[in-house]
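Student: What follows is a predicted structure for the sequence shown.
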Amino acid sequence: MIERAWQSELAAMISAQEAKWIDFRRRLHQNPEPSGHEYQTSLAIYQELNSIGVELRMGPEGRGVLADWRTPHLEEVGQAVAIRGDIDALRIHDQKDVPYRSQCAGLMHACGHDAHATMALWATSLIVELDRAGALPWPVHLRSIFQPAEETCAGALEMISVGALKGVREIFATHVDPTLPTGRIGLRVGALTASCDAVRILIHGQGGHGARPHESRDPIAAAAQLINALYLSIPRVTDSQDAVVLTFGQIHGGENLNVIPEQVELLGTLRTLDAGVRQRTIDHIHRIAEGVQRATDTTIEVRFEVGTSAVINQAGAVSQLKCAIVESFGHEAIYEIPRASMGGEDFAFYLDHVPGAMARLGCRAPSLERAPLLHSPLFDIDESVLAIGARILASAVIHAFEPKEPHERP
């Protein structure tokens, strides 16, 4: 592994600054804000970026931040390459016994967004410092996107609506992964995560006395039949080579143990990796609901609310990430992800407009055989992953602007 001069400078900066950025991540971790309320988090990021002198814009309603850096004194650098870090937390109570545990009851960064934001912020700072020091090998144009509301699949669309991708030709992101040890970096061309649609089903019946169900049209009985039919039939009508997951996580209906209610509501998610499979599954859910509706003499409304499509990593962007990883950490750091995750990620919305890729960063301390998973109240990261993520993002952006013609490298 031959390290170029700018990489040596980058590595030295990272080593000198690591303590600062670990502290910044811990401050975010202690002060989580849920989707739609990321005001103080956005302000903290804005203030940090303002201190390094980049061009700044706030996101909608003061949530989220957009930052631009162009190599100075050049008339035209071209379109930007973007990096994205999400900033919202989850409504989960932090149960870790660490000094930096969440100070907000019922809220915590259980999906690593504090780490993602810190990596993107640190990478931005590194590129600016390298450029001002004259250490970059060629000019760059960086767009840094600090996005709210990833967990509700609303934030990416909000940021896109205010111009986050205007003038952007490519985008990169990271996501921590506690199933991999720190230092291992997962890459995959094609589908990385699943599409995720919210499913809302309303079953209208006729209420009555629990002792005389024959006088009512029981929506609870219809709900039981519908869930059972869907769970049994979806796998039987789906090609075994195609991934589909339908899960109901909420059932609401009734207020008294001896009263059959008028209505039951089911809430869940549908996850697929292929647009065609997605539509066929939606059609089949409607057909099953119609059948149960006739059999139970109820009225069933099925609604699919706005979700996110699958994250599809583009081959060229993955190649750029791989180059940055190999030059920084060697081939042995790369983990070829064998199959997509059925989790959802609204990074997919950016990829609907521009090519890009997301890398999964191992964040499990190597001394541990297992670590708490994402969305666990005990979730945490091995903080050395912050330096890895910042270096990958900064290096990928720099590589993206490497001239196509032969270039004398420093």
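Tutor: Arrived safely.
Student: would residue 174 count as being in a helix?
Tutor: No. Using DSSP: H, G, I helix; E, B strand; the rest coil, the assignment for residue 174 is strand, not a helix.
Student: Quick one: residues contacting the nearest residue to it once chain neighbours are set aside.
Tutor: Using C-beta to C-beta, 6 or more residues apart in numbering and skipping residues adjacent in sequence, the residue nearest residue 174 is residue 389, 4.7 Å away. Every residue, glycine included, has its C-beta placed from N, CA and C. By C-beta atoms under 8 Å, 6 or more residues apart in numbering, the residues touching residue 389 are 115, 116, 119, 122, 123, 174, 176, 361.
Student: from those, which ones fall inside strands?
Tutor: Those of the contacts of residue 389 mapping onto strands are 174, 176, 361, per DSSP state E.
Student: So which of these wins on neighbours?
Tutor: residue 174 (28 neighbours; other C-beta atoms under 10 Å).
Student: Return the set of residues that bridge with that residue.
Tutor: Beta-bridge pairing for residue 174 (DSSP bridges): residue 359.
Student: Would you mind measuring from it to residue 347?
Tutor: To residue 347, residue 174 is 10 Å away according to C-beta to C-beta, to the nearest Å.
Student: All the helices of the stretch 101-250 of the chain, residue numbers only.
Tutor: Assigned helices in the stretch 101-250 of the chain, in chain order: 113-132, 155-161, 219-237 (criterion: DSSP state H, counting those that start in this stretch).
Student: on that earlier part again, would you turn the contacts of residue 389 into JSON lines with pLDDT and distance to residue 102?
Tutor: JSON lines is the format used below for those (pLDDT from 0 to 100; distance: C-beta to C-beta, whole Å):
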{"residue": "115", "pLDDT": "98", "distance to residue 102": "14"}
{"residue": "116", "pLDDT": "98", "distance to residue 102": "17"}
{"residue": "119", "pLDDT": "98", "distance to residue 102": "20"}
{"residue": "122", "pLDDT": "98", "distance to residue 102": "22"}
{"residue": "123", "pLDDT": "98", "distance to residue 102": "25"}
{"residue": "174", "pLDDT": "98", "distance to residue 102": "22"}
{"residue": "176", "pLDDT": "98", "distance to residue 102": "17"}
{"residue": "361", "pLDDT": "98", "distance to residue 102": "22"}
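Student: Adding distance to residue 96, write those residues out as JSON lines.
Tutor: Shown next, in JSON lines, are these (distance: C-beta to C-beta, whole Å):
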{"residue": "115", "distance to residue 96": "14"}
{"residue": "116", "distance to residue 96": "19"}
{"residue": "119", "distance to residue 96": "20"}
{"residue": "122", "distance to residue 96": "23"}
{"residue": "123", "distance to residue 96": "26"}
{"residue": "174", "distance to residue 96": "22"}
{"residue": "176", "distance to residue 96": "15"}
{"residue": "361", "distance to residue 96": "20"}
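Student: how about low-confidence regions in the stretch 1-150 of the chain?
Tutor: Applying pLDDT under 70 to the stretch 1-150 of the chain picks out residues 1-3, 75.
Student: Which secondary structure state does residue 357 sit in?
Tutor: strand.
Student: Tell me the confidence at it?
Tutor: Listed pLDDT for residue 357 reads 98.
Student: Which residues are in contact with the residue nearest to the spatial centre of the chain?
Tutor: Nearest to the mean C-alpha position of the chain, by C-alpha atoms, centre = their mean, lies residue 345 at 3.9 Å. Going by C-beta under 8 Å, 6+ apart, residue 345 touches 150, 175, 192, 193, 308, 311, 358.
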